[in-house]
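In: from the sequence below, what's the structure:
(one chain, ligands or ions: 1)
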Amino acid sequence: MDKVGFGLIGTGTWGETHLKLYSTDARVKLACICDINEDLVKQRAAEYGAGCWTTDYRELLARDDVQAVAIVTPDFLHREIAVAAAEAGKHILLEKPMATSVAECEAINAAVGKAGVKLMVDFHNRFNTPFTQTKLAIEAGELGELQMASLRLSDTIYVPTGMLSWAAKSTVAWFIGSHSVDLLRWFFQDEVVRVYSVARSRVLKGMGIDTPDFFHTILEFSGGAVAHVENCWILSTAFPTVFEFKVELVGSKGHVMADLSGNRMLQKYTGEGGIYPDVIGAPMVHGRAVGFAVESIRHFVDCVIEDRQPLVTGADGLAATKVICAIDESVRTGMPVEL
Ligand SMILES: NC(=O)c1ccc[n+]([C@@H]2O[C@H](COP(=O)([O-])OP(=O)(O)OC[C@H]3O[C@@H](n4cnc5c(N)ncnc54)[C@H](O)[C@@H]3O)[C@@H](O)[C@H]2O)c1
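Out: Residues are numbered from 1 along each chain as shown. Here you go, the predicted model:
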């Protein structure tokens, strides 16, 4: 196959990142896009040159010119569409988290297995260069045996209050804690066996958005490594970028420290004040979408065209969901949870 017909379901904030790739990669025909918001989907179709638009994902799935779909609907609306896509024989790029219950992930994996289609869950930090370089150092044995990690991935309060209309139906643990868990599983090449987490709901709840402000989580891996993960949704909007991301990994022979916060590689000071534009996530370079957030999407296109297995599978999506469910249970019970 040298060209693949794509359908996009969910054309909101992150759907637009997908559109940047599908509308500029010559191997992709953007056959159809779908959103229940008719004004939005019409506008996106015109802007990105989609072959057709619809407000009903079943219409999109029924089209022969769609061989692969990206599902970019809110966290808790993935299962039904993913199962229907598999049953329609479409390859699937599913946004993270795969789904918000273990049973939903298992239903998706069963439908994908039965249909024999490809499934990738979009944990794009496996394509983020500070982390790909870290992974190479781990694989080369430079760090020795990994012992512990400290990971802080947090958003400014703009994300739950201004960006996501559905924040109260999700949590920062689902939204970015799932990235944290996948990254650590990938680094450690190991599974989490015990989870202890503490959360607080004060600031956002006081603003009428009933979701925790933050989670502090200890993850114990089967090989004995331990990670501390901090995910918070209430950083000040005065922070230069929408997220803060710091990772430290300590091994028996060495350690690495990555700080992806702040976007200080490019600083613009104009009449609008200080601005720190994105230069590694999804910038456009001479009309071509680049950056780690589009590289994961491009990888999925590669896998469909070259008939390869994606780097992030349904098993990875399920594993991350199991851990986030355990985090929820630990917060609820105040006790560690065994997996
Ligand atoms: N990979 C990443 O780092 C990353 C970053 C941001 C968001 N995401 C994920 O992408 C997904 C979407 O997030 P977002 O920020 O774009 O949210 P959003 O609210 O901006 O967009 C979601 C869109 O889905 C549409 N939608 C809802 N139900 C639908 C249905 N049944 N059929 C068609 N369209 C439907 C909504 O109208 C909306 O336009 C979430 O799972 C989120 O966690 C991933």
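In: drop to CA atoms for contacts and neighbour counts, all remaining ones
Out: OK.
In: break down this structure into its helices, ranges please.
Out: Secondary structure of the chain (DSSP state H): helices at 13-22, 38-48, 57-61, 79-87, 102-115, 129-139, 158, 172, 178-188, 203-206, 292-306, 314-333.
In: any residue of the longest one touching the ligand?
Out: The one in question is helix 314-333. No. Helix 314-333 stays clear of the ligand (C-alpha under 6 Å from any ligand atom), getting no nearer than 12.2 Å.
In: ok, the first one next?
Out: Yes. On the criterion C-alpha under 6 Å from any ligand atom, helix 13-22 is in touch with the ligand at 13-15.
In: what residues does the stretch 151-300 of the chain put near the ligand?
Out: Residues of the stretch 151-300 of the chain lying near the ligand (C-alpha under 6 Å from any ligand atom): 164-165, 175.
In: weed out the non-buried ones from the residues you listed.
Out: By neighbour count, with 16 or more other C-alpha atoms under 10 Å, these hold Phe175 as buried.
In: okay if I get the residues of the stretch 151-300 of the chain next to the ligand as CSV plus pLDDT?
Out: Formatted as CSV, these follow (pLDDT from 0 to 100):
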residue, pLDDT
Leu164, 98
Ser165, 97
Phe175, 98
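In: out of the residues of the stretch 151-300 of the chain next to the ligand, which sit inside strands?
Out: Using DSSP state E, no member of these sits in strands.
In: check the stretch 151-300 of the chain for the residue nearest the ligand and tell me.
Out: Phe175 (5.0 Å; C-alpha to the nearest ligand atom).
In: if we can go back for a sec, please work out which of the helices of the chain is packed deepest.
Out: Comparing these by mean neighbour count (mean count of other C-alpha atoms under 10 Å), helix 172 comes out on top with a mean of 24.
In: list the buried residues of stretch 60-71.
Out: Buried residues in stretch 60-71, counted by 16+ other C-alpha under 10 Å: 60-61, 65-71.
In: please parse this protein into its domains.
Out: By the assignment in automatic domain parsing, the chain contains the domains 4-124+289-311, 126-285+319-338.
In: show the pLDDT at Gly287.
Out: pLDDT, Gly287: 89.
In: tally of neighbours for it?
Out: Neighbours of Gly287 under the rule other C-alpha atoms under 10 Å: 9.
In: start the count at 15 instead of 1 going forward.
Out: Happy to do that; since the first residue is 15 now, the last one works out to Gly301.
In: wait, what's in contact with it?
Out: Neighbouring residues of Gly301 by C-alpha atoms under 8 Å, 6 or more residues apart in numbering: Thr38.
In: look up phi and psi at it.
Out: When read as degrees, to the nearest 10, the backbone of Gly301 gives phi 80, psi 0.
In: how about His193: what's its closest non-neighbour residue?
Out: Phe137 (6.1 Å; C-alpha to C-alpha, 6 or more residues apart in numbering).
In: actually Ser310, not the one I typed
Out: Spatial nearest neighbour of Ser310, chain neighbours left out: His138 (5.3 Å); criterion: C-alpha to C-alpha, 6+ apart.
In: equivalent analysis for Ile223, please.
Out: That would be Ala182: by C-alpha to C-alpha, 6+ apart, it lies 5.3 Å from Ile223.
In: re earlier: closest to Ser164 out of the helices of the chain?
Out: helix 192-202 (9.7 Å; C-alpha to C-alpha).
In: so what secondary structure elements neighbour the closest one?
Out: Where contact means 3 or more C-alpha pairs under 8 Å, 6 or more residues apart in numbering; DSSP states H and E, helix 192-202 is packed against strand 160-169, helix 328-347.
In: tell me which residues are up against stretch 256-276.
Out: 144-145, 148, 156-170, 172-173, 253-255, 290.
In: that stretch - what's its average pLDDT?
Out: Mean pLDDT, stretch 256-276: 95.
In: please save the CA atoms from that stretch in PDB.
Out: Only the C-alpha atoms of stretch 256-276 are listed here, as PDB (Å, rounded to 0.1, in the frame of the first residue of the first chain):
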ATOM      1  CA  VAL A 256       0.600  24.800  29.400                       C
ATOM      2  CA  PHE A 257       2.500  21.900  31.000                       C
ATOM      3  CA  GLU A 258       5.500  21.200  33.200                       C
ATOM      4  CA  PHE A 259       7.400  18.000  32.600                       C
ATOM      5  CA  LYS A 260      10.400  16.800  34.600                       C
ATOM      6  CA  VAL A 261      11.800  13.300  34.800                       C
ATOM      7  CA  GLU A 262      14.700  11.900  36.800                       C
ATOM      8  CA  LEU A 263      15.800   8.300  36.400                       C
ATOM      9  CA  VAL A 264      18.400   6.800  38.800                       C
ATOM     10  CA  GLY A 265      20.200   3.600  37.900                       C
ATOM     11  CA  SER A 266      23.000   1.600  39.500                       C
ATOM     12  CA  LYS A 267      25.600   3.200  37.200                       C
ATOM     13  CA  GLY A 268      24.200   6.600  36.300                       C
ATOM     14  CA  HIS A 269      21.200   8.900  36.200                       C
ATOM     15  CA  VAL A 270      19.400  11.200  33.700                       C
ATOM     16  CA  MET A 271      17.500  14.300  34.300                       C
ATOM     17  CA  ALA A 272      15.100  15.700  31.600                       C
ATOM     18  CA  ASP A 273      13.200  19.000  31.900                       C
ATOM     19  CA  LEU A 274      10.800  19.600  29.000                       C
ATOM     20  CA  SER A 275       9.000  22.500  30.700                       C
ATOM     21  CA  GLY A 276       9.000  26.100  29.700                       C
END
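In: that'll do, ta.
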